[in-house]
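> generate a structure from the sequence data that follows.
(chains A and B)
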Amino acid sequence: MSAAAIVADGLTKRYANGRGCRDVTIAVEEGEAFGFLGPNGAGKSTFVKMLAGLVAPTSGAATLLGQPIGSLPAKRLIGYLPELYRYQEWLTGEEVVRLHARLCGLDRITADRRVPRLLEEVGIGLRGRDRVKHYSKGMQQRLGLACALVGDPPIVFLDEPSSALDPIGRMEVRALLKRLKAQGKTVFLNSHLLEDVEAICDRIALMNDGRILRHGRVADVLQQRLRWRFKVGGLSDEALVWLREATGLRIELSANAGDSTDGIVWLEAELEDEEQAGWVNALIAGQGMTLYEAGCRAERLESWFVQAVAGLSHRGERG
Amino acid sequence: MTVIFGMTWREMTRKRVVLLTLLLTVVFLIAFWFIARTIATAGITAGLDPDSPELLIERFTRGAFLLTLGYFFGAFVVAFLAIFTSFSAIAGEAEQGVLQAMLPRPLPRWQWYLGRWLGYVTMGILYAFLLYAAIFLITWQHAAVPRDAASLFQAFLLFAMPVPILAAVSMLGSGWLSALGNGVWMTMLYGAGWLGGMIEKVGAQLPLGTDVIQPLSKVSGLISLLMPVDGLQRKMLAVLFDYRSLGALLPVGANPMNQFAFGQVPSTSFVVYAGLYGAAALGLGMWRFSRKDF
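Purely as a prediction, here's the structure:
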């Protein structure tokens, strides 16, 4: 990683209805994958649209690899998958990608080589010969990815790239994004699918009510919130008290301990590392309880997200 | 810009706009052929010398009526084609989300706008030419028609001129209004222009006093300034029939019961105004589109 690919300095968009985003200052380095999170209506898409040149900022400035946003040189550097979009339904998928290739200034030979490969890569393949009007929402999203990537741009903005995809499609898109990152492209990912963000992104920013609430490295965020779960049999109230005193940890009974009737419960605790988890395992087993399962919670970023915006007003919810 | 221009043509072809328009035009032209044959031959006095001036005037009068009838219909079709191909160019595509995927591409927005406009305009003008020529040839087959090449060419230019104007105004409206709203607005605006023309015709032909004519002229003049397309059609008919030299001989434009009559002929300044009106709509539309948030 070297220079900054995306720099926003006090970028602001105020709409008449009070929405938009205010005073957003971030820097994304070249080759970095950056996750942009926030509740519905937080202003994420407005911010991305400003970077893509679709919306003019009210104030502030931003550059893409040194080029001012909205300028033609800046537009040559980006591939953009919008959140809400459709392609010309009277064209075939392949024709849509070729149209975008021509708009990117690709010559015919390069387009002939790149378009079929891209269609294959995003999982459209020979269905590229069908008219777009016959595409499902998921197919349109795959087509959108192909269009975003056809110009081989160094910066890719993806606004909810897999929201309409099935689990297999999501896995494929996740793998594609990892490949893009490995190729050194800067990926700006705006998504509610936090597992994807967690798997792909190096850094994240959380936006609420038009402002950046928090930002940082994904690893640091997750490090702060390493939450473990233990499936335990034979736990008594006394044993739980003892376990808390012995470890000094805030061990809690899981809220969704639905199978506690057969004496099996879930315990949850925030731990520093795997070593500490092993120690807790040993204490549980040492007290004669049965340890069925132990592991880190999968939705760690989700917990962080939920806690970060808990109690705050969300414009999207107010409508 | 050529990419967008080509895309617009492909859109018109793929959406079968061209095919449907041509099919319905063929139906109209077949009907017009029968009408022309009937009107041209019915009641012509038998035994008249084929070279007699009376027969020539009669044939010319009927030819003039047929051309006026054909171009009256043709002007409507050309205008509606120009309006309905372009009325959702911006709002419709923005509502669908097509523009959000296209505009981040490295193409100046004004070029996108101009490419679309040129696409609609070239298609409209080509269609106008085909319709203009077909109506003329059918009439020529059955009756006498003006054959001055310069007048015919000028008349065609005036016949086709509403296309770029209406496409420009329609696209301008599409930058402000929703697709549906703009469709309604454009239809009403065009209808108002047509009404202004009718007021002009009726006012010029009925035996009305100056106290009635003057306010009518003011209203029709204002409406013509708001939508100058109908005035262009009247000018076109006047140029086609060389009204100044043939007006005394032919009844076209003078019969108070003739709704195809062209009444008062708009001046050349009016044509210039119409051109500037279209150019201003195009320029304003491009300016607006370049600054619009999507």
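> okay, CA-based contacts and neighbour counts for the rest of this
Fine.
> right, and B:Arg109 touches B:Leu103 too?
Yes. The pair B:Arg109 and B:Leu103 passes the contact test of Cα atoms under 8 Å, sitting 7.2 Å apart.
> for the stretch 151-294 of chain B, which residues are neighbours of chain A?
By the rule Cα under 8 Å from any Cα of the partner chain, the part of the stretch 151-294 of chain B lying against chain A is B:291-294.
> which of those residues are buried? Put it as a PyMOL command.
PyMOL command restricting those to the buried ones, with burial defined by 16 or more other Cα atoms under 10 Å in any protein chain shown:
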select buried, chain B and resi 294
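> mind putting the residues of the stretch 151-294 of chain B next to chain A in a markdown table, secondary structure, pLDDT and distance to B:Met171 included?
As requested, those are arranged in a markdown table below (DSSP: H, G, I helix; E, B strand; the rest coil; pLDDT from 0 to 100; distance: Cα to Cα, whole Å):
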| residue | secondary structure | pLDDT | distance to B:Met171 |
| --- | --- | --- | --- |
| B:Arg291 | helix | 92 | 15 |
| B:Lys292 | coil | 93 | 13 |
| B:Asp293 | coil | 93 | 16 |
| B:Phe294 | coil | 91 | 16 |
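> and which of the residues of the stretch 151-294 of chain B next to chain A is nearest to A:Pro39?
Comparing those against A:Pro39 with Cα to Cα picks out B:Phe294 as the nearest, at 21.1 Å.
> the closest one contacts A:Ala52, correct?
No. In this structure, B:Phe294 sits apart from A:Ala52 without contact. The criterion is Cα under 8 Å, and the distance is 10.6 Å.
> for the residue of the stretch 1-150 of chain B found nearest chain A, grab phi and psi.
Closest contact between the stretch 1-150 of chain B and chain A, by Cα to the nearest Cα, is at B:Gly97 (3.8 Å). Here is the backbone geometry of B:Gly97 (degrees, to the nearest 10): phi 100, psi 10.
> now it: closest residue in space that isn't a chain neighbour?
The shortest distance from B:Gly97 to any residue other than its chain neighbours is 3.8 Å, reached at A:Tyr85 (Cα to Cα, 6 or more residues apart in numbering or on different chains).
> is the one you found in a helix, a strand, or coil?
State at A:Tyr85, reduced to three classes by DSSP: H, G, I helix; E, B strand; the rest coil: coil.
> need the three-state assignment for A:Ala27.
strand.
> just give me the neighbour total for it.
Around A:Ala27 there are 16 other residues, counting by other Cα atoms under 10 Å in any protein chain shown.
> gap between it and chain B?
Remark: distance between A:Ala27 and chain B (Cα to the nearest Cα, to the nearest Å) = 21 Å.
> so that residue touches A:Ile6, yeah?
Yes. With contacts defined as Cα under 8 Å, A:Ala27 counts as touching A:Ile6 at a distance of 5.5 Å.
> for the residue nearest to B:Gly97, which residues are in contact?
For A:Tyr85, the set of contacting residues under the criterion of Cα atoms under 8 Å, 6 or more residues apart in numbering or on different chains consists of B:96-101.
> how about 10 Å then?
Under the criterion of Cα atoms under 10 Å, 6 or more residues apart in numbering or on different chains, the contact partners of A:Tyr85 comprise A:140-141, A:144, B:93-102.
> could you do B:Gly285 as well?
Residues in contact with B:Gly285, defined by Cα under 10 Å, 6+ apart, are B:110, B:113-114, B:168-176, B:279.
> now A:Arg179
By Cα under 10 Å, 6+ apart, the residues touching A:Arg179 are A:173, A:185, A:200.
> name the element it belongs to?
Using DSSP states H and E, A:Arg179 falls within helix A:167-182.
> mean confidence for that helix?
pLDDT averaged over helix A:167-182 equals 88, rounded to a whole number.
> which parts of that helix are buried?
Going through helix A:167-182 with 16+ other Cα under 10 Å, the ones that come out buried are A:169-170, A:172-174, A:177-178, A:180-181.
> go on, stretch A:79-94?
With burial defined by 16+ other Cα under 10 Å, the residues of stretch A:79-94 counted as buried are A:79-83, A:85-94.
> stretch A:109-117 now?
A:111, A:114-116.
> B:Ala134: which of those is nearest?
Of all the buried residues of stretch A:109-117, B:Ala134 sits closest to A:Ala111, with 42.5 Å by Cα to Cα.
> surely the closest one is in contact with A:Val97?
Yes. A contact is recorded between A:Ala111 and A:Val97 when judged using Cα atoms under 10 Å, the distance being 8.9 Å.
> anything in contact with each of these two?
Contact criterion Cα under 10 Å, 6+ apart; residues bridging A:Ala111 and A:Val97 by contacting each: A:150-151.
> list the beta-bridge partners for A:Thr12.
Going by DSSP bridges, A:Thr12 is paired in beta bridges with A:Ser59.
> what is the burial count for it?
Taking other Cα under 10 Å as the neighbour definition, A:Thr12 ends up with a count of 24.
> I'd guessed it sits against A:Lys49; true?
No. Under the contact definition of Cα under 10 Å, A:Thr12 does not touch A:Lys49, with a separation of 11.8 Å.
> please enumerate the shared neighbours of these two.
Going by Cα under 10 Å, 6+ apart, residues that sit against A:Thr12 and also against A:Lys49 are A:56-57.
> could I get the full set of strands for chain A?
Counting by DSSP state E, one finds strands in chain A at the ranges A:4-14, A:20-29, A:33-37, A:59-64, A:67-68, A:78-81, A:155-159, A:186-190, A:203-208, A:211-217, A:227-233, A:252-253, A:264-270, A:290-296.
> what residues does the stretch 51-200 of chain A have near chain B?
Taking Cα under 10 Å from any Cα of the partner chain as the criterion, the neighbours of chain B within the stretch 51-200 of chain A are A:51-57, A:70-91, A:99-105, A:144, A:147-148, A:151.
> quick check: neighbours shared by A:Ala27 and A:Ile6?
If you check A:Ala27 and A:Ile6 against Cα under 10 Å, 6+ apart, the residues they both contact are A:62-64.
> gap between A:Leu312 and chain B?
Counting by Cα to the nearest Cα - A:Leu312 and chain B are separated by 28 Å.
> which residues does that residue contact?
Contacts here follow Cα under 10 Å, 6+ apart; on that basis A:Leu312 touches A:208-209.
> quick one, grab the pLDDT at it.
Per-residue pLDDT puts A:Leu312 at 72.
> now do B:Val212
77.
> do B:Ser170 as well
96.
> which of the helices or strands spans it?
With elements delineated by DSSP H and E, B:Ser170 resides in helix B:162-174, which encompasses its position.
> put the alpha carbons of that helix into PDB.
What follows is the C-alpha trace of helix B:162-174 in PDB, where atoms were taken according to Å, rounded to 0.1, in the frame of the first residue of the first chain:
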ATOM      1  CA  PRO B 162     -40.800  20.700 -35.200                       C
ATOM      2  CA  VAL B 163     -38.800  17.400 -34.600                       C
ATOM      3  CA  PRO B 164     -35.600  19.000 -33.100                       C
ATOM      4  CA  ILE B 165     -37.700  21.600 -31.300                       C
ATOM      5  CA  LEU B 166     -40.100  19.200 -29.700                       C
ATOM      6  CA  ALA B 167     -37.300  16.700 -28.800                       C
ATOM      7  CA  ALA B 168     -35.400  19.500 -27.200                       C
ATOM      8  CA  VAL B 169     -38.400  20.800 -25.100                       C
ATOM      9  CA  SER B 170     -39.400  17.200 -24.300                       C
ATOM     10  CA  MET B 171     -35.900  16.400 -23.000                       C
ATOM     11  CA  LEU B 172     -35.800  19.700 -21.100                       C
ATOM     12  CA  GLY B 173     -39.000  18.800 -19.400                       C
ATOM     13  CA  SER B 174     -37.700  15.300 -18.700                       C
END
